[in-house]
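Peer 1: dropping the sequence and predicted coords here.
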Amino acid sequence: MDSQGRKVVVCDNGTGFVKCGYAGSNFPEHIFPALVGRPIIRSTAKVGNIEIKVSSTLTLYLPPGQMIHLEFVVAFSE
């Protein structure tokens, strides 16, 4: 907890998965693939599990431990 009693959120943007949870917890609350997809018509990027279901209509990016496009970093953090 921070000085105001709020839980601190921790996110680990790993090579294969993004793991998010609270500081002090033994395990992350949420784990999803580090996968970004952009629709073929180039609208808003999609992140995580939803990409696996609709991958036939997306250009998929599986960044090997790094984010190449700032747009994808922003999509992960939203």
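Peer 2: Ah, there it is.

Peer 1: isn't Pro33 right up against Gly16?
Peer 2: Yes - counting by Cβ atoms under 8 Å, Gly16 is a contact partner of Pro33 at 7.1 Å. In this view, the C-beta of every residue, glycine as well, is placed from N, C-alpha and C.

Peer 1: more crowded one of the two?
Peer 2: Pro33 (15 against 11; other Cβ atoms under 10 Å).

Peer 1: show me where this structure dips below the pLDDT cut-off.
Peer 2: Filtered on pLDDT under 70, the chain yields the residue ranges 36-78.

Peer 1: how about a cut-off of 50?
Peer 2: By pLDDT under 50, the low-scoring segments of the chain are 51.

Peer 1: work out for me the element Cys20 sits within.
Peer 2: In the assignment (DSSP states H and E), Cys20 maps to strand 17-22.

Peer 1: quick check: next helix or strand after that strand?
Peer 2: strand 30-33.

Peer 1: which strands and helices lie in contact with that next one?
Peer 2: strand 17-22, helix 49-53 (3 or more Cβ pairs under 8 Å, 6 or more residues apart in numbering; DSSP states H and E).

Peer 1: state the number of residues packed around Lys19.
Peer 2: 16.

Peer 1: what's the spacing between the residue lying closest to it once chain neighbours are set aside and Gln4?
Peer 2: Nearest residue to Lys19, sequence neighbours excluded (Cβ to Cβ, 6 or more residues apart in numbering): Pro28, at 3.9 Å. From Pro28 over to Gln4 the distance is 23 Å, taken as Cβ to Cβ, to the nearest Å.

Peer 1: could you do Phe17 as well?
Peer 2: 30 Å.

Peer 1: now Gly14
Peer 2: Using Cβ to Cβ, Gly14 is found at 29 Å from Gln4.
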